[in-house]
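Based on what follows, work out the 3D shape:
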Amino acid sequence: MSQRSIKITTSAVLMAAATLTAATPAGATSTPAGAASTDGPLTDVRIATHFDLSTGQMPENIALLPDGTVNVTFAAGRQVAQVTPRGTTRILATLPAPADGGTGTPVLGFPLATGIVRTPDGTVYVLYATGTADLTGLWRMRPGRAPKRIAALPANGLPNGLALDGRGERLYVTDSVLGTVWTVPVTGGTPTAWSTAPELSSTGFLGANGAKVHRGALWVSNLDRGTLLRIPIRPGNRAGTPQVKASGMIGIDDFAFTGRGDEVLAALNAPNTVVRVRADGTVTTVLDAGDGLQNPTSVALRGREVYVLSAAYTTATDPNLLRARLHDHR
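Here you go, the predicted structure:
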């Protein structure tokens, strides 16, 4: 991608993200409703890696490898990258640019790489939204092979969150524009609309966002509504009725379970915070801009090691990977 096209794409990202900031209600840009200030369960907080904003390295989603390496998607760069424990970044693949530059991508107006998961055999699955029928969808990357689209998704939607089921047989995809959760076999094929519940819809910007399979259910965040939903996975892979497990988190992006029941750590993008959501729905802030957050997009945990990506969509300063240690499980 040329330097000129990178600048155009980055500008489009910032303008689209500014829309979210402007739409965030007063009071939601610092601490979510009902949240306390930093409550201290994280230690050894540090910025592990700085990314290059000028080349579109705005990290959107993360997948962990067993050795401490992480795979990330760079939204504006249309790329999948690998970051070593020492902080070295290596580009694994760049997804093909749409012929129209991706200006028709719904809501955002630029092509972007979003959700990512990795299976134990090293296969990586990535979501790509371009606003064009030939590229939007689920892509697969096998070691040593070029990325290949294995499932087409609606060009008028925005595939965003990606989750793998417990058996490693099926993927769930959230669409932030269409308010839909799709399912696709890991082998690819025609997606099935798994849930179109109203709780998944947006209120004007982006709705269903992050996704994780946990304890017999698909958990989904809704960025516009500030909610964390639990959707039971019924026999025959049928979707149950969504349950709101936590609310008051306008700007919630992706999230991760801490290993203590239904407790999660969640990234709140425009509010520029990471919050801990307890099983009873209580929300407390555990990281903020003072810790180096720059529009956090996703969280991942390996044991007690915490990884947080920041894309700097509106801060436009320092996209980065933050690391910390979770020490308090009370």
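
tell me which element G109 falls in.
Following DSSP states H and E, there is no helix or strand that holds G109.

Please work out how many residues are found near it.
16 (other C-beta atoms under 10 Å). C-beta here means a position set from N, CA and C on the backbone, and glycine is covered the same way.

any idea how far it is from G102?
Counting by C-beta to C-beta, to the nearest Å, the separation of G109 from G102 is 8 Å.

With R118 instead?
From R118 to G102 the distance is 25 Å (C-beta to C-beta).

The two: which has the busier surroundings?
Shown here are R118 and G102; by other C-beta under 10 Å, G102 has more neighbours (25 against 19).

doesn't Y128 make contact with that one?
No. With contact defined as C-beta atoms under 8 Å, G102 does not count as touching Y128 (9.8 Å).

hey, what's in contact with both of these two?
Jointly contacting G102 and Y128 under the rule C-beta atoms under 8 Å, 6 or more residues apart in numbering are P111, L112.

Pairing partners for the nearest residue to T94 once chain neighbours are set aside in the sheet, please.
Nearest residue to T94, sequence neighbours excluded (C-beta to C-beta, 6 or more residues apart in numbering): Q79, at 5.0 Å. Applying DSSP bridges to Q79 gives these bridge partners: F74, T94.

so how many other residues sit close to Q79?
Neighbourhood size, Q79 [other C-beta under 10 Å]: 21.

That one and A113 touch, don't they?
Yes. If you go by C-beta under 8 Å, Q79 and A113 touch, sitting 6.4 Å apart.

overlap in contacts of those two?
By C-beta under 8 Å, 6+ apart, Q79 and A113 have these common neighbours: T73, L95.

Only the C-alpha atoms, please, for the strand or helix carrying G210, written as CSV.
Element membership for G210 (DSSP H and E) is strand 208-214. Provided in CSV are the C-alpha atoms of strand 208-214 (Å, rounded to 0.1, in the frame of the first residue of the first chain):
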residue,chain,number,x,y,z
ALA,A,208,-22.7,-6.1,18.5
ASN,A,209,-18.9,-6.0,18.9
GLY,A,210,-16.7,-8.4,20.9
ALA,A,211,-17.5,-12.1,21.2
LYS,A,212,-16.4,-15.0,23.4
VAL,A,213,-17.7,-18.5,24.0
HIS,A,214,-17.8,-19.2,27.7
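
Partner strands of the helix or strand following it, with direction?
Using DSSP H and E, the helix or strand that follows strand 208-214 in sequence is strand 217-222. Strand 217-222 sits in its sheet next to strand 208-214 (antiparallel), strand 227-234 (antiparallel), going by DSSP bridges.

Below-threshold pLDDT in the stretch 101-250 of the chain: ranges please.
Filtered on pLDDT under 70, the stretch 101-250 of the chain yields no residues whatsoever.

can you give me the strands in it?
Using DSSP state E, counting those that start in this stretch, the strands assigned to the stretch 101-250 of the chain run over residues 112-118, 124-129, 137-141, 148-152, 159-164, 170-175, 180-185, 192-195, 208-214, 217-222, 227-234, 238-239, 243-246.

Pipe those strands into TSV and attach distance to R260 per row.
Output for the strands of the stretch 101-250 of the chain, formatted as TSV (distance: least, C-beta to C-beta, whole Å):
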stretch	distance to R260
strand 112-118	22
strand 124-129	27
strand 137-141	31
strand 148-152	34
strand 159-164	20
strand 170-175	23
strand 180-185	26
strand 192-195	27
strand 208-214	12
strand 217-222	15
strand 227-234	16
strand 238-239	26
strand 243-246	14
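
Between the two ends of stretch 151-169, what distance do you get?
With C-alpha to C-alpha, to the nearest Å applied, stretch 151-169 spans 15 Å between its terminal residues.

in it, what counts as buried?
Neighbour counts using 16 or more other C-beta atoms under 10 Å place 151-155, 157-164 of stretch 151-169 among the buried residues.

P198: which of those residues is nearest?
G157 (16.4 Å; C-beta to C-beta).

ok, now how distant is that closest one from A163?
Here the criterion is C-beta to C-beta. By it, G157 lies 17 Å from A163.

Quick one, which of the strands of the stretch 101-250 of the chain gets closest to T314.
Closest to T314 of those, according to C-beta to C-beta: strand 112-118, at 15.3 Å.

and the closest one, which strands flank it?
Partners of strand 112-118 in the sheet, by DSSP bridges, are strand 124-129 (antiparallel).

Next, the angle strand 159-164 makes with the partner strand.
Per axes from the mean of the first three to the mean of the last three C-alpha atoms, to 10 degrees, the angle that strand 124-129 makes with strand 159-164 is 160 degrees.

between strand 124-129 and strand 170-175, how many degrees?
Interaxial angle, strand 124-129 versus strand 170-175 (the same axes, to 10 degrees): 20 degrees.

what's the offset of strand 124-129 from the middle of its chain?
From the chain centre to the centre of strand 124-129 is a distance of 11 Å (C-alpha atoms, centre = their mean, to the nearest Å).
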